[in-house]
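S.K.: Please work out how this folds:
(4 chains)
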Amino acid sequence: MRILYFAWVRERVGLESEELDVPAQVRTVAELAAFLKERGEGYAHAFENPRVVRAALDRRHARPEAPLGGAREIAFFPPMTGG
Amino acid sequence: MRILYFAWVRERVGLESEELDVPAQVRTVAELAAFLKERGEGYAHAFENPRVVRAALDRRHARPEAPLGGAREIAFFPPMTGG
Amino acid sequence: MFTVRIQSEDFDAAAEAAALARGRTDIGALVTFAGLCRAQDAPGGAPLIALTLEHYPGMAEEEIGRLIEQARGRWPLIGATVIHRFGRMVPGDNIVLVVTASAHRAAAFEAAEFLMDWLKTSAPFWKLEEREDTRDWVAAKDADDEAAERWN
Amino acid sequence: MFTVRIQSEDFDAAAEAAALARGRTDIGALVTFAGLCRAQDAPGGAPLIALTLEHYPGMAEEEIGRLIEQARGRWPLIGATVIHRFGRMVPGDNIVLVVTASAHRAAAFEAAEFLMDWLKTSAPFWKLEEREDTRDWVAAKDADDEAAERWN
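M.R.: Predicted structure coming up:
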C-alpha cells in the first residue's frame, strides 16, 4: 500500500510517501495509524495524538473506523487549513 | 417647491419636474400627493393609488406622514427596482 | 477607500476590485458582485430586448453612500465600491457592481449581500423592460423587500 | 461551465469571471471571491513574511470537484470556477478564487459562501507561516468548522 504524509505529519515522519506491506490484521485507518506509530521515533511523534491526524483513502476523506479494504493509497495529514 | 417625478409617475403626470407654490394648509407628503391628485387627469392617474407612490424630501426617503417642513425638493416615484 | 459612482458607461469589475486591493496587505477577502441584464425572466415568456434604467440624479449617489455608511457600522470593512449604471442596456450587459474588502471572508460576503439587498429596495432606480410588443415598468418584488428586511 | 484548477501561478480573477459570463444572456448574478494573503493575523503579533501552501495533488482537484457537485445540487448554478494556488506567497498575493454564476443573486452568493466554507475545512491544503523567528503550521480554526457545519 502507498502511504502519503502531508504538512507536519510529513515533517515528523520524515517522508513524503512510502510503500508498505500492511499486515493482514491491520484492517482500519485507525489500526494502520496505531501500527505506524510503533515504527520509530518520527512516527511516534506524528501519531502521538491520533485524534488530530486525518486520513484519506484513495483520495477521499476517511474516518478512523473506515476499513482499508482494497485501497491502493492512504494519506495522513493534519486538519486542513486552505482557502 | 420643486417637485420631481420618476418612472411611471413621471409618464402619467407628463412632467419630469415643476416648481409649485404649495398652499400653507398642505403640510405633509400625503397631503401634497392628495393636493396634486386634483390638478388634472395625468395627476389623478399617477396618484390613483397613493399607497404605492413613494416620496423623497430633499433626496431622503420620506413617509406619507412626514412634514414638508422647509424642504426645497420633493420627488414622487414608484417602489424602486434597481440593482 | 469607499466609492460610489452612478454612470451610463460600462464598468470593469476586475479593475475596480484590483483598485481596492492595490498595495495593501491587510485585505484577506475581496468579494465582487456583478448584476447583469438577463434575456428572460420567466420560462416561456417573451425575451427581453432591452432594459432602460432611470434614476434620481443626486439622490442615487447619496442613498448608496448612506447604505455604505450603514454597512461600515456593521462590518469591519477596509473598502467598498458601488457602481450603478443608468440608461439602456441589452441582455449580457453589466448593471450594478458591488465590491467589498475586509480582513475576513464573512464580513466581506455579508456586507456585499447587505449592500445588494438594500440597493434593490432603497436606491432610486427604476427598470423599464422592452419586449417585442410591450414596454413595462418592472414591479417591485416582495422577495426583495424580504431580503432587505432580514438585516433588521 | 464548471472548472477547478490547482496551480502555483497567480490567477486573474477578472478574466475568470469574464470567461464564465462571456456570450451568455442567462446570468443575472456573478459573485467573485478572492482570498488574499494578509500580513498580520493578530494585532501586535509579528508580521507574516510568507505563507507556503502545501497540497495533496490529485485529491485537491477531486475534493473541490465534489464540493462543486454538492453546490450544484443545492443551487441552480450556471457556472462556477474554483482556483486554489499552492507554493510560497507573500502578503498581498492571491491564494484562492471562487466565482459563481446564476440567474439570481441569492443562489450565486450562497453557493460562493458554501464553496469557501467547505474549501477551508475539506480541501487538502495546509498553510505554513513564516515570521521573523518562527515557522509554524497554521492550526485549523473551530470557527471554520462551524462555518461549514451551518450548511448541514
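S.K.: which of the residues in whichever helix or strand residue C:148 is part of are buried?
M.R.: Here residue C:148 sits within helix C:142-149, counting by DSSP states H and E. By neighbour count on 16 or more other Cβ atoms under 10 Å in any protein chain shown, the buried set for helix C:142-149 is C:144, C:147, C:148. Glycine gets a C-beta too; all of them are placed from N, C-alpha and C.
S.K.: now do stretch A:32-40
M.R.: Buried residues in stretch A:32-40 (16+ other Cβ under 10 Å): A:32, A:33, A:35, A:36, A:37.
S.K.: can you put those in TSV and add secondary structure, distance to residue A:77 and pLDDT?
M.R.: Below are the buried residues of stretch A:32-40 laid out as TSV (DSSP: H, G, I helix; E, B strand; the rest coil; distance: Cβ to Cβ, whole Å; pLDDT from 0 to 100):
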residue	secondary structure	distance to residue A:77	pLDDT
A:32	helix	14	98
A:33	helix	12	97
A:35	helix	17	97
A:36	helix	13	97
A:37	helix	15	97
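S.K.: hey, where'd the strands end up in the chain?
M.R.: Looking at chain A here, since you left the chain open. A:2-5, A:17-19, A:54-57, A:60-62, A:73-77 (DSSP state E).
S.K.: sorry, should have said chain C
M.R.: C:2-7, C:29-36, C:50-55, C:77-85, C:87-89, C:94-102, C:125-130, C:135-137.
S.K.: How about the residues of chain C by chain B?
M.R.: C:35, C:53-56, C:58-59, C:62-63, C:84, C:95-96, C:116, C:119-128, C:137-140, C:144 (Cβ under 8 Å from any Cβ of the partner chain).
S.K.: cool, and chain A?
M.R.: Close to chain B, as judged by Cβ under 8 Å from any Cβ, chain A has no residues.
S.K.: tell me how far stretch C:92-108 is from the chain's mean position?
M.R.: With Cα atoms, centre = their mean, to the nearest Å as the basis, stretch C:92-108 stands 9 Å off its chain's centre.
S.K.: Give me the buried positions along it.
M.R.: For stretch C:92-108, the neighbour count (16+ other Cβ under 10 Å) marks C:92, C:94-103, C:105, C:107-108 as buried.
S.K.: Now do the contacts for whichever residue of chain A sits closest to chain B.
M.R.: Of all residues in chain A, the one sitting closest to chain B is residue A:83 (28.7 Å; Cβ to the nearest Cβ). Contacts for residue A:83 (Cβ atoms under 8 Å, 6 or more residues apart in numbering or on different chains) come out as D:35, D:84, D:95, D:96, D:116, D:119, D:120, D:123, D:125, D:144.
S.K.: just checking: which of those residues also lie near chain A?
M.R.: Among those, chain A is touched by D:35, D:84, D:95, D:96, D:116, D:119, D:120, D:123, D:125, D:144 when using Cβ under 8 Å from any Cβ.
S.K.: Of the residues you listed, keep whichever come out buried.
M.R.: By neighbour count, with 16+ other Cβ under 10 Å, these hold D:35, D:84, D:95, D:96, D:116, D:119, D:120, D:123, D:125, D:144 as buried.
S.K.: Could you dump those into TSV and include pLDDT?
M.R.: Converted to TSV, these look like this (pLDDT from 0 to 100):
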residue	pLDDT
D:35	97
D:84	98
D:95	97
D:96	98
D:116	97
D:119	96
D:120	94
D:123	98
D:125	98
D:144	84
